[in-house]
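Student: Sequence and computational prediction follow.
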Amino acid sequence: MKDSKIKRELIKSFKKHRLENISIKLNEKIVFLEGTIDSYEKYIIAGHLAGRNSIIRGVVNNISYPEKKKTQKKKGKDEFIGSADVVIVGGGITGCSIARELSKYKLKIVIIEKDEDVSCGATKANNAMVHSGIGEEPGTLKQKLCVQGHFLFEKLSKQLSVPYRQCGMLIVITKDSLEDLKLPSFLSNFLAKYVIPYIILRRGKKIKVPLEKISRMKILEIEPQLTDRTILGISSPTYGVTSPYEFCIALAENAVENGVDIRLNTEVVGIELEENRIRNVITTEGKIRTGWVINAAGVNADEIAEVAKDRFYTIHPRKGSTLLFDKSNAGYISHNLSFFQFPMKEHTKGGGAMVTTHGNIQWGPTAIEIPDKDDLSVSKDEIYDIFEKYSRLLPNFSKKSIIAYFAGIRSATFTEDFIIEASKKIKGLIHVAGIQSPGIAASPAIAMMVADILKNEGLTLTDNPKFEPLRKNHLIIRELDFEKRKKIIEKNPLYGRIVCRCEEVTEGEIVDAIHSNIPAKSLDAIKRRTRAGMGRCQAGFCLPRVAKILSRETGKPIEKIMKNSKESQLFIGKSKCLLEETDGD
Amino acid sequence: METDVVVIGGGPAGLAAAAIASQQQVDVTIFERARELGGILPQCIHNGFGNFIFNKMLTGPEYAQHYIDLVKKLKIHIKTDTTVLKITKDKQIIATNSKDGLFKIKTKSIILAMGCRERTRSQILLPGSRPAGIYTAGTTQRLINVDGIMLGSKIVILGSGDVGLIMARRFILEGAEVKGVFEILPHPGGLTRNIVQCLEDFDIPLNLCHTITEIHGKKRVTGVTVAEIDRSTFNPKKGTEFFIPCDTLVIAVGLIPENELSKQVNISMGPNTGGPVVDNNMQTSEAGVFACGNVVHVHDLVDDVTISSELAGKAAAEYVKNQIKEGALKSIHPGKNVFYVVPQHIRCDLKSSVTLYFRVKNIMKNAEIKLTEKNYIVAQKKERIVKPPEIVKIDILPEEANKIKQSVEVSVEGELF
Amino acid sequence: MITKKITCICCPLGCSVNVIINGDNYQVIGEQCKRGKDYAIQEVKDPRRVLTTTVKINFGIQKMLPVKSKNEVPKNLLNECVKILSKVVVEAPIRCGDVVYKNIHDTRIDIIATRDMERV
């Protein structure tokens, strides 16, 4: 289809949605939108209309809307701080998977991460499901990579010593599943019992993912807490659960063990080109000479594409909020549970109820389009929406046992698929953008695909004979048996002292995290590595203790200890510091 | 390793129980996870403790010092900086510390005295982001008073429980600015004394029927949005929202008995107390396992903790020596206007009177308290005023208690305030 | 003639009491007991509080030493007293009851430690 024909169709559909004052330009199957609109909601509608046709490569949505903020550009530093064969922008699951994959070859690799730790974006705040691909739009790249990737999880998790549980997913169809269609009950019953299962099973066959229809009796036997309104279920047994931040940190640590360099607290602000070829990456800490840049910058991938002069997509942040419940509910359910609803809400598989690898029950996430790329607030409405939705699956569950809620931002494009390709304009630039759900499940396959692209683009990949696939063992004291634990404490008494009572984390493990090969230098970084502060008291008990250990081990005064990134100061100084200040009064 | 009585927790409950048990000539071991004894008391530097037991107003550290000195004088094994990981059904305890490592100890009796923990922001579903600068009141108390760490200069306090009120005054005396205390209920959660001496003395505004509807700030708290709430629905009233700039939000929304270890031995829990069901000896549903202090229910006064813990200590020692009196078990239920009552059971064949502690649901004036079995009045008394934040007590004489056939009910009638 | 409103804290009743001040004459309205009357007059004439705070301590097992005023100090001096005490640094070991600051703000009231603090 020619650009001109696509444009004509787009103009028609924009008119239908009363968006005729938006200017539409097309160039090599990329849509550029300009104009002004009176709400963010319409901005999103316009973008999705433009990206709906699967022939479209990307949508650049420059429409301005009332609350649109201009991003302040940070300044870069001019001096050279190093060189690399490959620079990976972004230390999330995507960047770290690619780094670890590329560390199998003789390459000098640097990850540039703007936050104080890896895994700080969507990676740390998604719902941890390793999808089988059954929920993805058929024919998409994300479905293909999800199917490939999720089969690799068990082996990879073992190599990296990260928890992984292939618990399977039950798609639950209840008497409420089709309520929005408002059909006569005999018809909706027929659809629910025969038509929907048939469609889902056929989808599974196509992508070679095993699925099985489960009768009401059987499903209530394996998940007795499910609502009595359950009609039947579809089981997707290859579904799993990982611990996404631990998985990401493990990939990064193993990459570092294999020679990858990570620069934290460093932001990419520019890219210097030489005859449309990557030359230097400019960061807030200095320049890095390189020929290859992998843009794995998550929600900021469009901004990186912009500075590399090849922006052909806009990321529109989509927030997902998740609720976490106390471990005392362990055993309440054993599978990932998804509530089948038709028609589906747009652009989300709808989340689920599940058990994390650490035994907490988790509900969510939501899917809300927001203008702000780092708005991680959770609203009361979201909490109640999740309560309501999953209470329909698990009506007797005690919502009082909630211990935390958090939000993550999906980096969605308007074409709503992964964009993984070499730049058609800039030699040496590889886009790995729009990695939203199922980004975790797909990550191993994404990394392999990127390696292939680099090879095709002319980067020589020579095997690294020293590559060590196994991550160095790190100790989790609570998991050791009595004798082993006793022995290890005799060697290092710090493993005997409990600092976080809820999650049973010892001082020794916290010290280990602070001195690991990607040193944990904030409270949250320690939390992600050790679980200190993740339990039911939410760090009320261990916060002062962990902060003091961090201060002792790093030699930083207490007021320099951060919750996470630079400005997240926990304390202002010593007691009496405010009284001393007022001395002059 | 073996011992007669293991006391888990070296706070006011554990110390009092251990001291009494030890005085009955049994071998007692205390496990305390902090580096020093005293539990929460060393950080409660304000006064107001000990009015009943010592007949004077002591500070928290002074109150603790008395029992620490007592315990140290007795032949009690004290294991501080030690965390109990596991209790088994056959009364084996697994604990860990950095000196002895991981170890097991066999005991004849266990006293659960782990105290309570604070409710968090999540438990009240407080919306907004998760920046630095949100702390529970008790954590701020420990940081400022013990660790010597100051955490902010512009403070908003959510909840008017006693710890929140006391911290409001502490923040002022440390040179910070307290923007206000916000309470969702129409009446304060803490004692009148604290409203006067912690807030009014320092002109700190107390805003009743208000709650926080959003926390602002991405890295560190920059402010909160506050709104008035509708008294019937408890939802924020539209149009009443206002923004308060602050760098710290202190959450003082109540305490929860800490019973994760208790649950390992499958003892029965009370419905509204959050703690184990106990009898007049503070014995739980598991023979030889006793509970006392805030593990059982959250107390207002440490004096009451000490009194009930001494009962537990004495009974645990008697259990070890096979001297415990096992009369028939009669149950006590909360009746009209009563939220909970402790103990939930009494064993008859008593020689001395039993004090029941209960919490009312509403503020009532000229309250008539009755303890009845069908139409028979077991005990009764009058109070000029009863309030939910202040525990009410009633004694049952032994001869009356022994007359109870099956169960009695505590009820309160009075003028609603 | 001035009227001052006082919340009585002598018992859980928390009576709201008005004190009418007429020169040296104090008339209490709304009290329910003798204790409440005495308290109200004291609150109007010369309100006093026990000051409880902390001072820095060197070589102690903790960083702060809790202290209190041995007797009640005038309420309006509380802020001045904590400022004075913010500069005080003591050294472990300390015994509960030890005087850490004498005659604070010329009140003839001493500030004493409220716990033992061992030396590390």
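Tutor: Nice, thanks for sending it over.
Student: in chain A, what spans have low per-residue confidence?
Tutor: A:345-350, A:581-585 (pLDDT under 70).
Student: in it, what residue is nearest chain B?
Tutor: Proximity of chain A to chain B (C-beta to the nearest C-beta) peaks at A:Leu578, 3.1 Å away. Every C-beta, even on glycine, is put in place using the N, C-alpha and C of the backbone.
Student: Dump the strand or helix carrying A:Leu323 to CSV, keeping only the CA atoms.
Tutor: Using DSSP states H and E, A:Leu323 sits in strand A:315-325. What follows is strand A:315-325, C-alpha atoms only, in CSV (Å, rounded to 0.1, in the frame of the first residue of the first chain):
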residue,chain,number,x,y,z
ILE,A,315,6.3,6.5,23.4
HIS,A,316,3.0,7.1,25.3
PRO,A,317,3.4,6.0,28.9
ARG,A,318,0.8,3.6,30.2
LYS,A,319,0.7,3.2,33.9
GLY,A,320,0.0,-0.1,35.6
SER,A,321,-0.7,-0.3,39.3
THR,A,322,-0.4,-3.6,41.2
LEU,A,323,-1.5,-4.5,44.7
LEU,A,324,0.6,-6.8,46.9
PHE,A,325,-0.7,-8.9,49.8
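Student: Relative to it, what are the paired strands and their orientations?
Tutor: Here strand A:315-325 has these sheet partners by DSSP bridges: strand A:361-364 (antiparallel), strand A:368-369 (antiparallel), strand A:402-413 (antiparallel).
Student: Of all the residues in chain B, which one is nearest chain A?
Tutor: Per C-beta to the nearest C-beta, B:Gly175 is where chain B lies closest to chain A, at 3.1 Å.
Student: tally of neighbours for the residue lying closest to that residue once chain neighbours are set aside?
Tutor: In this structure, B:Gly175 finds its nearest non-sequential neighbour in A:Leu578, 3.1 Å apart by C-beta to C-beta, 6 or more residues apart in numbering or on different chains. Counted by other C-beta atoms under 10 Å in any protein chain shown, the residues lying close to A:Leu578 total 18.
Student: any idea which element A:Leu578 lies in?
Tutor: Using DSSP H and E, A:Leu578 sits in helix A:577-581.
Student: how far does that helix sit from the chain's center?
Tutor: Here helix A:577-581 is found 43 Å from its chain centre; the criterion is C-alpha atoms, centre = their mean, to the nearest Å.
Student: Need the three-state assignment for A:Glu421.
Tutor: Classification of A:Glu421 using DSSP: H, G, I helix; E, B strand; the rest coil returns strand.
Student: cool, and B:Ala317?
Tutor: Secondary structure state of B:Ala317, per three-state DSSP, is helix.
Student: isn't it right up against B:Ile20?
Tutor: Yes - here B:Ala317 reaches B:Ile20: they are 7.3 Å apart, a contact under C-beta atoms under 8 Å.
Student: With neighbour numbers in mind, choose between these two.
Tutor: Neighbours around B:Ala317 and B:Ile20, counted as other C-beta under 10 Å, are more numerous at B:Ala317. The numbers are 25 against 22.
Student: Who are the contact partners of the more buried one?
Tutor: Shown in contact with B:Ala317 (C-beta atoms under 8 Å, 6 or more residues apart in numbering or on different chains): B:4-5, B:20-21, B:24-26, B:109.
Student: hmm, 6 Å instead?
Tutor: B:Ala317 sits next to B:21, B:24, B:26 when contact means C-beta atoms under 6 Å, 6 or more residues apart in numbering or on different chains.
Student: list the contacts for the first one?
Tutor: To tie it back to what came earlier, the one meant is B:Ala21. B:5, B:28, B:313, B:316-317.
Student: for the second one, same thing?
Tutor: Contact partners of B:Gln24, counting by C-beta under 6 Å, 6+ apart, are B:Ala317.
Student: Could you tell me what pLDDT the model assigned to it?
Tutor: pLDDT, B:Gln24: 96.
Student: Equivalent analysis for the first one, please.
Tutor: Here the pLDDT value assigned to B:Ala21 is 98.
Student: ok, longest helix in chain C?
Tutor: helix C:34-45 (DSSP state H).
Student: Tell me which strands the next helix or strand after that one pairs with, and in which orientation.
Tutor: Per DSSP H and E, the first helix or strand lying C-terminal to helix C:34-45 is strand C:48-49. Take DSSP bridges as the rule and strand C:48-49 pairs in its sheet with strand C:73-74 (antiparallel).
Student: Break chain A down into its domains, please.
Tutor: Each domain of chain A is listed here as a residue range: A:3-61, A:80-124+A:244-314+A:416-456, A:169-237+A:317-413, A:478-560, per automatic domain parsing.
Student: check whether the last one contacts chain B.
Tutor: So that's domain A:478-560. Yes - for a cut-off given as C-beta under 6 Å from any C-beta of the partner chain, domain A:478-560 has contacts with chain B, namely A:485-486, A:489-490, A:493, A:496-498, A:537-538, A:540, A:544, A:558.
Student: How about the contacts made by the residue nearest to the spatial centre of chain C?
Tutor: Centroid-nearest residue in chain C: C:Val50, 2.0 Å away (criterion: C-alpha atoms, centre = their mean). Residues near C:Val50 by C-beta under 6 Å, 6+ apart: B:47, C:68-69, C:72.
Student: let's see 10 Å
Tutor: B:46-48, B:57, B:59, B:197, C:68-73, C:78, C:109 (C-beta atoms under 10 Å, 6 or more residues apart in numbering or on different chains).
Student: Ok, A:Arg216 next?
Tutor: A:Arg216 sits next to A:173-174, A:193, A:226, A:228-233 when contact means C-beta under 10 Å, 6+ apart.
Student: Those, buried ones only, as a ChimeraX selection?
Tutor: Here is the ChimeraX command that selects the buried residues among the contacts of A:Arg216 (16 or more other C-beta atoms under 10 Å in any protein chain shown):
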select /A:173,174,226,230,231,232,233
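Student: how far away is B:Arg130 from chain C?
Tutor: Note on B:Arg130: its distance to chain C, by C-beta to the nearest C-beta, to the nearest Å, is 28 Å.
Student: Would you confirm that that residue contacts A:Gly408?
Tutor: No - contact criterion C-beta atoms under 10 Å: B:Arg130 and A:Gly408 do not qualify, at 11.8 Å.
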